[in-house]
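# sequence below, structure please.
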Amino acid sequence: MKDKYNVYLKVDDRGIERSLRKFKRLCESFGIVKEYRSRKEYKKPSIRKKEKTEAAQKKRAKLKGRSGGKTKI
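Residues are numbered from 1 along each chain as shown. Predicted structure coming up:
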């Protein structure tokens, strides 16, 4: 891992469920979940590049659809 994460959380009288939700939010804000998912399986650099370009095309098409095909100058 390029960064080390230390997430500490005290369980108080309000209950374990509330503390667990707070822990999940902390992990999400630190980017731990995103990094875990990216490291879950190895992807070749060519596949990563292909997925990135496809996502960009999809995003452009979505934005174009919202504006009705008109571009602002």
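# when you work out contacts or count neighbours from here on, use the C-alpha atoms and nothing else.
Fine.
# so for the top helix by length along the chain, what gets flagged as buried?
Longest helix in the chain, counting residues (DSSP state H): helix 45-66. When burial is assessed from 16 or more other CA atoms under 10 Å, helix 45-66 yields no buried residues.
# run the chain-centre distance for it.
Here helix 45-66 is found 16 Å from its chain centre; the criterion is CA atoms, centre = their mean, to the nearest Å.
# averaged pLDDT, that helix. What do you get?
Averaged over helix 45-66, pLDDT sits at 93.
# kindly report the same for stretch 7-14.
The average pLDDT for stretch 7-14 rounds to 80.
# for the residue nearest to the spatial centre of the chain, give me phi and psi.
Among the residues of the chain, the one closest to the centroid is Lys34, at 4.5 Å (CA atoms, centre = their mean). Backbone torsions of Lys34, given as degrees, to the nearest 10, read phi -60, psi -40.
# any idea how far the closest residue to it other than its chain neighbours is from Pro45?
Excluding its sequence neighbours, the residue lying closest to Lys34 (CA to CA, 6 or more residues apart in numbering) is Glu28, at 7.5 Å. Glu28 is 25 Å from Pro45, where distance means CA to CA, to the nearest Å.
# I appreciate the help and will end here.
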